[in-house]
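A.B. asks: Predicted model, plus sequence, below.
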Amino acid sequence: ILNVEQSPQSLHVQEGDSTNFTCSFPSSNFYALHWYRWETAKSPEALFVMTLNGDEKKKGRISATLNTKEGYSYLYIKGSQPEDSATYLCAFLDSWGKLQFGAGTQVVVTP
Amino acid sequence: DVKVTQSSRYLVKRTGEKVFLECVQDMDHENMFWYRQDPGLGLRLIYFSYDVKMKEKGDIPEGYSVSREKKERFSLILESASTNQTSMYLCASSKGSAGELFFGEGSRLTVL
């Protein structure tokens, strides 16, 4: 059973459209939330490490928000491009130092 | 460019064989991790290490062992490979307890 849940499992987006998806995690013993992007045939790469409730982080067209009290984080992609096609992983770090990953959201951007 | 390097991208082994997966990082990170990734499941932690010669069991350590004789190298060992160990194995390293993970490209192991 995954304590970290990501939805949807996959989504298809037209180039130029914006999209968002969710990571849900336990609201207790929170220490940090990580977001990673994993492109096919490459290594997962960190996008954000978020630690504070209400945190908002941005990297180019990708941004993320964090709500630790209710246990969710949103990742947004603005104006999707084909190079945004990847699996996006979130990971919850609890106060005991254990990092638990969700199963990921696979994003396919079609031209 | 910082790197985590895994020794083999693809391996095919037979049931009962001993398998070594090697991982080397060049960032002087204290922490190193081994995960496996299977369809529909998140990355699952097998073992991790916070220091040389130190190892801790993760969530699914059964059937695996590890070795960390040098800070930069963390090896995963399958003493007697079984078909249910067919998977993608990812090595990662990090600095500090909450630091982002730096991943290798993965080793896809098939056990026949």
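C.D. replies: Yes, it's here.
A.B. asks: Briefly note if stretch A:89-109 comes near chain B.
C.D. replies: Yes. Against chain B, stretch A:89-109 shows contacts by C-beta under 8 Å from any C-beta of the partner chain at A:89, A:91, A:93, A:97, A:98, A:99, A:100, A:101, A:102, A:103, A:104. (C-beta placed from N, C-alpha, C; glycine too.)
A.B. asks: In three-state terms, label residue B:110 for me.
C.D. replies: When classified by DSSP: H, G, I helix; E, B strand; the rest coil, residue B:110 comes out as strand.
A.B. asks: can you count the residues close to the nearest residue to residue A:37 once chain neighbours are set aside?
C.D. replies: Nearest residue to residue A:37, sequence neighbours excluded (C-beta to C-beta, 6 or more residues apart in numbering or on different chains): residue A:86, at 4.8 Å. Neighbour count for residue A:86, taken as other C-beta atoms under 10 Å in any protein chain shown: 22.
A.B. asks: do residue A:104 as well
C.D. replies: 24.
A.B. asks: pLDDT on stretch B:59-69, on average?
C.D. replies: In this model, stretch B:59-69 has an average pLDDT of 96.
A.B. asks: buried set for it?
C.D. replies: Using 16 or more other C-beta atoms under 10 Å in any protein chain shown as the test for burial, stretch B:59-69 gives B:61, B:64, B:66, B:67, B:68.
A.B. asks: Could you do stretch A:79-99 as well?
C.D. replies: A:80, A:84-94, A:98-99.
A.B. asks: Send me whichever strand or helix holds residue A:87 as CSV with only the CA atoms.
C.D. replies: If you go by DSSP states H and E, residue A:87 is part of strand A:86-94. In CSV, the C-alpha atoms belonging to strand A:86-94 read as follows (Å, rounded to 0.1, in the frame of the first residue of the first chain):
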residue,chain,number,x,y,z
ALA,A,86,8.0,12.4,-18.7
THR,A,87,6.9,10.7,-15.5
TYR,A,88,6.6,13.0,-12.6
LEU,A,89,7.3,11.5,-9.2
CYS,A,90,6.6,12.9,-5.8
ALA,A,91,8.2,11.7,-2.6
PHE,A,92,7.3,12.3,1.0
LEU,A,93,10.0,12.6,3.6
ASP,A,94,8.8,11.9,7.1
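A.B. asks: Sheet-wise, list the partners of it with their directions.
C.D. replies: Here strand A:86-94 has these sheet partners by DSSP bridges: strand A:30-38 (antiparallel), strand A:99-101 (antiparallel), strand A:105-110 (antiparallel).
A.B. asks: Residues touching that strand, excluding its own?
C.D. replies: Contacts to strand A:86-94, defined as C-beta atoms under 8 Å, 6 or more residues apart in numbering or on different chains, come from residues A:3-4, A:6, A:21, A:23, A:25-26, A:29-40, A:44, A:47, A:73, A:75, A:99-102, A:104-107, B:42-43, B:98, B:101.
A.B. asks: Good, we can wrap up now.
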